[in-house]
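> Here is my input; please provide its structure:
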Amino acid sequence: MNLAAQADVEEQLGRELTEAELLRLPGLLAKASAIVEGYLNRVYTDWDDIPDAVTVVAASMVARVVFTIPRATPDS
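Numbering: from 1, shown residues only. This next block holds a predicted model:
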């Protein structure tokens, strides 16, 4: 289960994700969630049980990757 959603990442970035970024989003969310769950030694199975701070950390991790490692757009 991903610990953050598209809206959480966009909130961290202060903008909407591009088409190219949306293509990368599922994998980035899965990786960030795995890292956070591993660090916390806890697996979340219910969206309502995820603390806001955990969501912010996972979304911030994804936003950092999106911001610092741009990828080519689908048209280029």
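
> Look up how far residue 33 lies from residue 9.
12 Å (Cβ to Cβ, to the nearest Å). C-beta here means a position set from N, CA and C on the backbone, and glycine is covered the same way.

> and if you look at residue 14?
Counting by Cβ to Cβ, the gap from residue 14 to residue 33 is 22 Å.

> between those two, which one's more packed in?
For residue 14 against residue 33, the residue with the higher neighbour count under other Cβ atoms under 10 Å is residue 33, and the figures read 22 against 7.

> For residue 52, the count of nearby residues, please.
Residue 52 has 8 neighbouring residues, counting by other Cβ under 10 Å.

> Tell me which stretches of the protein form helices.
For the chain, applying DSSP state H gives helices covering 6-13, 19-40, 52-68.

> For stretch 30-37, buried residues please.
Judged by neighbour count (16 or more other Cβ atoms under 10 Å), stretch 30-37 contains these buried residues: 32, 33, 36, 37.

> Before I go, just wanted to say thanks for your time.
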